[in-house]
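# Below are the sequence and a predicted model for it; my questions follow.
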Amino acid sequence: MTKGTTSFGKRHNKSHTTCRRCGKVSFHIQKSKCSSCGYPSKKMRQYNWGQKAKGRRTEGTGRMRYMKTMPRRFKNGFREGTQASKKVSKAD
């Protein structure tokens, strides 16, 4: 039996399919576990030896619907329910 071309022809069974949580083709069908995010575990899979992988799915990689307004709201002291006072222009 050779290691090359003839062996590659036998590869037609899929061990991994798409994960519901992370969307990668990393969900092992027999184990019922995602090798990328760890689904169905409640906690996301992450290791300190994979710094680049952590950066790919950390805060700031998506839309940041809440966090992108934070600097502006922090600057104004998180005020809410008030109306900005009108600026009076100087008429000379």
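Thanks, I have it.

# So what does residue 16 look like in phi/psi?
Dihedral angles of residue 16 (phi, psi; degrees, to the nearest 10) stand at phi -120, psi 150.

# That one and residue 27 touch, don't they?
Yes - at 6.0 Å, residue 16 and residue 27 qualify as touching, with contact defined as Cβ atoms under 8 Å. C-beta: built from backbone N, CA, C; applies to glycine.

# Now the common contact residues for these two.
Residues touching both residue 16 and residue 27 by Cβ atoms under 8 Å, 6 or more residues apart in numbering: residue 35.

# Return the distance of residue 48 relative to residue 34.
19 Å (Cβ to Cβ, to the nearest Å).

# quick revisit: give me the more crowded residue out of residue 16 and residue 27.
Neighbour count, other Cβ atoms under 10 Å: between residue 16 and residue 27, residue 27 has more, with 23 against 16.

# The nearest residue to that one once chain neighbours are set aside: which element?
Distances taken as Cβ to Cβ, 6 or more residues apart in numbering place residue 19 nearest to residue 27, at 4.1 Å, with adjacent residues excluded. Counting by DSSP states H and E, no helix or strand carries residue 19.

# Now do the contacts for residue 19.
25-27, 34, 36-37, 39 are the contacts of residue 19 under Cβ under 8 Å, 6+ apart.

# ok, back up a step: more neighbours, residue 48 and residue 34?
residue 34 (25 against 6).

# Across the sheet, point out what pairs with that one.
Assessed by DSSP bridges, residue 34 has beta-bridge partners residue 27.

# dump the residue contacts of the residue nearest the centre of the chain.
The residue lying closest to the centre of the chain (Cα atoms, centre = their mean) is residue 57, at 3.5 Å. Listed by Cβ under 8 Å, 6+ apart, the contact set of residue 57 reads 22, 37, 44.

# With residue 48 instead?
Residue 48 sits in contact with residue 54, where contact means Cβ under 8 Å, 6+ apart.

# Residue 54 versus that one, what's the distance?
8 Å.

# What of residue 19?
Taken as Cβ to Cβ, the span from residue 19 to residue 54 is 17 Å.

# what do you get for residue 31?
In terms of Cβ to Cβ, residue 31 sits 23 Å off from residue 54.
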